[in-house]
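Participant: Sequence and predicted model, in that order:
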Protein chains: 2
Amino acid sequence: MPGDEKEITIYDIANKLNISAATVSRALNDHPRVSKKTKKLVVKTAADMGYRSNSFASSLRTKNSNIIGLIVPRLNSNFMADAIAGIEKGLSNNHYNLIISQSLETMKKEINNANAMLVNRVDGLLVSLAYDTNNIDHFEPFIKRNIPVIFFDRVFEHDKCPQIYIDNFKAAYEITTHLIKQGCKRIVHITANQLRKVYAERYEGYKKALEDNNIWFDQDLVIINDLSSTAGIASAEQILRMTMLPDGVFSANDNCAISCMQTLKKQGIQIPADIAFAGFNNDPSACVIEPNLTTVNYKGYEMGEVAAKLMIDQLINKNELRHAHSLVLRSEMIVRDSSLRIK
Amino acid sequence: MPGDEKEITIYDIANKLNISAATVSRALNDHPRVSKKTKKLVVKTAADMGYRSNSFASSLRTKNSNIIGLIVPRLNSNFMADAIAGIEKGLSNNHYNLIISQSLETMKKEINNANAMLVNRVDGLLVSLAYDTNNIDHFEPFIKRNIPVIFFDRVFEHDKCPQIYIDNFKAAYEITTHLIKQGCKRIVHITANQLRKVYAERYEGYKKALEDNNIWFDQDLVIINDLSSTAGIASAEQILRMTMLPDGVFSANDNCAISCMQTLKKQGIQIPADIAFAGFNNDPSACVIEPNLTTVNYKGYEMGEVAAKLMIDQLINKNELRHAHSLVLRSEMIVRDSSLRIK
DNA sequence: TTGTATGCGTTATCAG
DNA sequence: CTGATAACGCATACAA
């Protein structure tokens, strides 16, 4: 029966070659003080014998797992899938492995995930926070142990944890200003839970743009939901019920913007003539909807790569004073037909 | 300085409580032959002392990592993101962790990934194959060690490896037949590398549907590319150069179908009147493109859940005769306006 | 129900 | 450059 054969260990290799296990270990780890000849011989014999290093034993000794943990709200969004792809690339290039879990937007599961990561002894943790996370005590055990915790996108302020994000305030300010320049005076803003800094900052950017253009901020024009497709439909219905229709909509994500647009279009609303639209994220569908959606390009892949790079840096420079230097990535407004009244 | 404090072990707990480490170990693992009282005391003390189990030591003893490996071509596609979300849910419910990597569609990287998984001692492996993988020798080390290897979506025939997929032949047959019923007689098929069974079978389904409806199969109507958006544009250009335009297009994925449609629309082609369209996958954008795209609904999330479930079954029933029972999941054609000529 | 003793496979220390 | 030896922290066989 297969699977019952004994696994080869460095002792087996040592016996076969009449050298010590210590030398075998050193040879396999490319230790400088082993002769080229021995190294070559050991590596070859190991391969021949079907040896595979036992990472459990190795990790037990070295106290390193070479595994990075990742906790995200959802794995299946365009942005997150891109981010993970970028992270995986960055880590695997440095021979780190990635273990992933999703909080499904609840702090409760996020705490469970964090504990699992702790037990799995990840060497570092990358986190994008759940919808309702209001404190990060569950990451303290990592911080206490000097295990780097890095937040990206959905970040949290902590002087030991670097953050990677884009300037959401600025991006929202720009895109709102753009709508105003296109003649919009009553702009609806669709956003989510203000606990998440990304949404709070976009909201602030929206408000500031109104203010700077002498447009009265009207709380009734702000719709707060979960930015899902379903929420987009509901938002459209809410808009249609307004006594005075808005002439612009800035949604905090594309997903919601698109389903909102579709619903309004079905009711005969002309876009951008009646209502100009802007989203956020530059999802693939933004180039499919008609008219194409003006949005903020915000590439997850790059953010993932950067997060991985920062993590590697932290792990390599373990002894250096680790100040939480944060990174603000570029984002850019992409103007498409959904907001272009003046051509 | 933080991080320098010694980690608590079961010995520390044992000392504190004046019991043996063995009892602590048993108590923490909820072993039946430990008194309720001791268990409770141990668990509480462990928590108070900030103990975390050392998975390295534990794994070294038990030879189980409680980690499942996942190798996929790309992490960032709608289908794969959904599948991974389903897998993660299924595994985490059973206290398994998930370690992921992407082959970026090359067999070379897939082999590297497999080796990394081997060294990481995953308890099982879930695989969706790269574009050009033409043999699976790199998974033999797992099979030899009785580590379950399960293929999903992009599968490979092996009598020890269960497969999870949909009936691609049937789905393609149905959707092609649908196009024919809508009056199409010259149907282009856009597909990918025939090494991958999914595409080969969709191709076969297409051919069989033509045959059964007495439509001559024309090799010139078959376009083989990588099904990317870029490839969709190129396909449209190729179609426009055809001396006689086709009256239908069946693309092996939505992504390519959509960019192809967009390009043709820009050239004034009416859809579905001039050319009827059908895709595969039911990506979110299929409901955004105008007209909405007829496609095959093929939910990744469910496939992921099923893959996780099958893996758990294999791991639990370790001793049972493990015959590679494969699973064929449901898929369904969704008819939308892109193919509806007869209303 | 609890304790004792041992080994899992590696790496680091020390000695040569 | 190489060898002997001692941990790393846990789980289990066996003994009590």
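Facilitator: It's in. The structure displayed is predicted, hence computed values, not measured ones.
Participant: show me where chain A has strands.
Facilitator: A:67-72, A:97-102, A:124-127, A:149-152, A:163-166, A:187-191, A:222-224, A:248-251, A:276-278, A:295-297, A:327-329, A:332-334 (DSSP state E).
Participant: Make CSV out of these and add distance to residue B:92 and mean neighbour count.
Facilitator: The C-beta positions use only the backbone N, C-alpha and C, and glycine is treated the same way. Putting those into CSV (distance: least, CB to CB, whole Å; neighbours: other CB atoms under 10 Å in any protein chain shown) gives the following:
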stretch, distance to residue B:92, mean neighbour count
strand A:67-72, 11, 27
strand A:97-102, 6, 24
strand A:124-127, 16, 26
strand A:149-152, 20, 25
strand A:163-166, 25, 22
strand A:187-191, 30, 25
strand A:222-224, 30, 18
strand A:248-251, 31, 29
strand A:276-278, 37, 28
strand A:295-297, 32, 23
strand A:327-329, 30, 15
strand A:332-334, 36, 17
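Participant: between the ones you listed, which one is nearest to chain B?
Facilitator: Chain B lies closest to strand A:97-102 among those, at 4.9 Å (CB to the nearest CB).
Participant: Can you list the helices and strands that the closest one packs against?
Facilitator: Contacts defined by 3 or more CB pairs under 8 Å, 6 or more residues apart in numbering or on different chains; DSSP states H and E place strand A:97-102 against strand A:67-72, helix A:78-92, helix A:107-119, helix B:78-92, strand B:97-102.
Participant: list the contacts for residue A:315?
Facilitator: A:96, A:123-124, A:148 (CB atoms under 8 Å, 6 or more residues apart in numbering or on different chains).
Participant: Would you mind finding the most buried of the helices and strands packed on strand A:97-102?
Facilitator: Comparing those by mean neighbour count (mean count of other CB atoms under 10 Å in any protein chain shown), strand A:67-72 ranks first with a mean of 27.
Participant: Quick check: which helices or strands does it pack against?
Facilitator: The helices and strands touching strand A:67-72, judged by 3+ CB pairs under 8 Å, 6+ apart, are helix A:78-92, strand A:97-102, helix A:107-119, strand A:124-127.
Participant: can we see that at 10 Å?
Facilitator: helix A:78-92, strand A:97-102, helix A:107-119, strand A:124-127, strand A:149-152, helix A:300-316, strand B:97-102 (3 or more CB pairs under 10 Å, 6 or more residues apart in numbering or on different chains; DSSP states H and E).
Participant: what about it, average pLDDT?
Facilitator: When pLDDT is averaged over strand A:67-72, the result is 97.
Participant: Residues of chain A that sit close to DNA strand C?
Facilitator: Residues of chain A lying near DNA strand C by CB under 7 Å from any atom of the strand: A:7, A:9-11, A:21-22, A:25, A:28-29, A:51, A:53-54, A:57-58, A:60-62.
Participant: Among those, name the buried ones.
Facilitator: Taking 16 or more other CB atoms under 10 Å in any protein chain shown as the criterion, what is buried in the residues of chain A next to DNA strand C is A:9-10, A:25, A:28, A:51, A:53-54, A:58, A:60.
Participant: Right, I'll leave it there.
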